[in-house]
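Colleague: Provide a 3D model corresponding to the input given below.
(one chain, ligands or ions: 1)
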Amino acid sequence: MAEDFSRTQNQLKLSNEEVLQKYVATEFECFSKEISAERSIPVPEEDLLAIHYLNIEQKFAFDLILNDALSGKLGAYFVDSPGGTGKSFLYKVLLAHIRSKGYIALIVASSGIVASNFLGGRTSHSRFKIPIEGGTNVKSLLSFQTSEADLIRASKIIIWDKAPIEDKSIIEALNYLLQDLCENKLMFGGKLVVFGGDFRQVLPVVPKGSRKEQVEASIVSCTLWDHFIKLKLMDDMRAKDDPGFINFLIRIGNGEEPTNAKGEVQIPRPMIVPYTSIEESLEVPIAHVYLEMSMFETDPFEMMKQTTLRPKNDLGQSSYSRQVNNRSFKLSLTRFMRE
Ligand SMILES: Nc1ncnc2c1ncn2[C@@H]1O[C@H](COP(=O)(O)OP(=O)(O)OP(=O)(O)O)[C@@H](O)[C@H]1O
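Modeller: As a prediction, this is how the structure comes out:
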């Protein structure tokens, strides 16, 4: 690379000293590219202020982790909590407070959709260059002389959302990567790493594997698991006004809800919209989710926070969830174009 550089600069008729100076400057600029991009991530005021809204469990976790990050303590946390208990909310407040002090806080997740929920979020695969499949002897392919490696070295904290879906070998590969990058044998190279997730959601994929094999492949079976500080968030913040629904979800997640011979659970009657006609079966849920469209007329982005979930990977034009989406989209469009 230096030779190529020198050849190009010779064509510009620069002295050797000038070539060297330009080479160093270009290299430095290249090395610091990732770091300056990371430093330019905005810190939303609302994420800083959200510290005042943390519930007791979130505040406990926040204080512990922030204190460790600012005092440069090494270690690993695992935030174990059911969906909706405010893990992402906690991460956003942590990221904002650490970044506002000028430090680098990295956040990764296994999937792009989850990563895009966070400012500066990246997939773990793209950030650490660890092959997605995992397996024995899996190793990061990250080159140590790159700006990406510099960025990881410079980070104060690494947060990894939805970690239970990862194969344990990937978590172990992160440990080796950080040890190599930081040139020591400390756990995670002496970095503070926060993993989080919900074991009721998706575990690592083991083709044709049993539940036991999935657990054996997961982070709980990794060699470092016993050294993680475990934190729990149990207060459901997503459906806090609906304790019946929360308990129903928890019972399903814990495998406590009765099932029929096919292993299916019975959805309680009040949660079901009885079928009368196709029109009504579309309109009733839309009205329930979006309440009154006029609520969004001043801020269409508010509407984006209301979502409908697709129960199946059915991409057909006629699928029910697609019809609900299309209908609500058309309704909102008509409304906004009229305004
Ligand atoms: N302390 C809080 N005050 C107000 N709202 C909160 C608080 N914590 C979480 N929420 C809200 O509760 C909802 C669920 O929170 P969040 O998405 O952080 O949960 P989660 O544990 O990450 O869920 P999942 O595992 O499903 O991704 C969000 O709408 C979030 O804004």
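
Colleague: Burial check on the residue of the stretch 101-250 of the chain found nearest the ligand, number of neighbours?
Modeller: Closest residue of the stretch 101-250 of the chain to the ligand, Cβ to the nearest ligand atom: Met237 (3.4 Å). For glycine as for every other residue, the C-beta is placed from the backbone atoms N, C-alpha and C. Using other Cβ atoms under 10 Å, Met237 has 15 neighbouring residues.

Colleague: how close does it sit to Tyr53?
Modeller: For Met237, the distance to Tyr53 (Cβ to Cβ, to the nearest Å) stands at 9 Å.

Colleague: returning to that earlier point: need the per-residue pLDDT for the residue of the stretch 101-250 of the chain closest to the ligand.
Modeller: On pLDDT, Met237 comes in at 85.

Colleague: from what I can see it touches Phe89, true?
Modeller: Yes: between Met237 and Phe89 there is a contact under Cβ atoms under 8 Å: 6.9 Å.

Colleague: of all the residues in the stretch 201-339 of the chain, which ones are close to the ligand?
Modeller: Met237, Arg238 (Cβ under 6 Å from any ligand atom).

Colleague: Now do the helices in the stretch 201-339 of the chain.
Modeller: 211-217, 243-253, 278-290, 300-304, 320-338 (DSSP state H, counting those that start in this stretch).

Colleague: Can you lay out the ones you listed as TSV showing distance to Trp225 and mean neighbour count?
Modeller: Formatted as TSV, the helices of the stretch 201-339 of the chain follow (distance: least, Cβ to Cβ, whole Å; neighbours: other Cβ atoms under 10 Å):
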stretch	distance to Trp225	mean neighbour count
helix 211-217	11	15
helix 243-253	20	15
helix 278-290	39	14
helix 300-304	37	12
helix 320-338	37	14
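
Colleague: in the stretch 101-250 of the chain, which segments are predicted with low confidence?
Modeller: 134 (pLDDT under 70).

Colleague: switch to 90 and redo it
Modeller: Scanning the stretch 101-250 of the chain for pLDDT under 90 picks out 110-114, 116, 131-138, 144-145, 165, 198-218, 220-221, 234-250.

Colleague: any chance you could map the strands in it?
Modeller: 104-109, 122-123, 155-161, 192-197, 229-232 (DSSP state E, counting those that start in this stretch).

Colleague: for the first one, which positions count as buried?
Modeller: Under the neighbour-count criterion of 16 or more other Cβ atoms under 10 Å, strand 104-109 has Ile104, Ala105, Leu106, Ile107, Val108, Ala109 buried.
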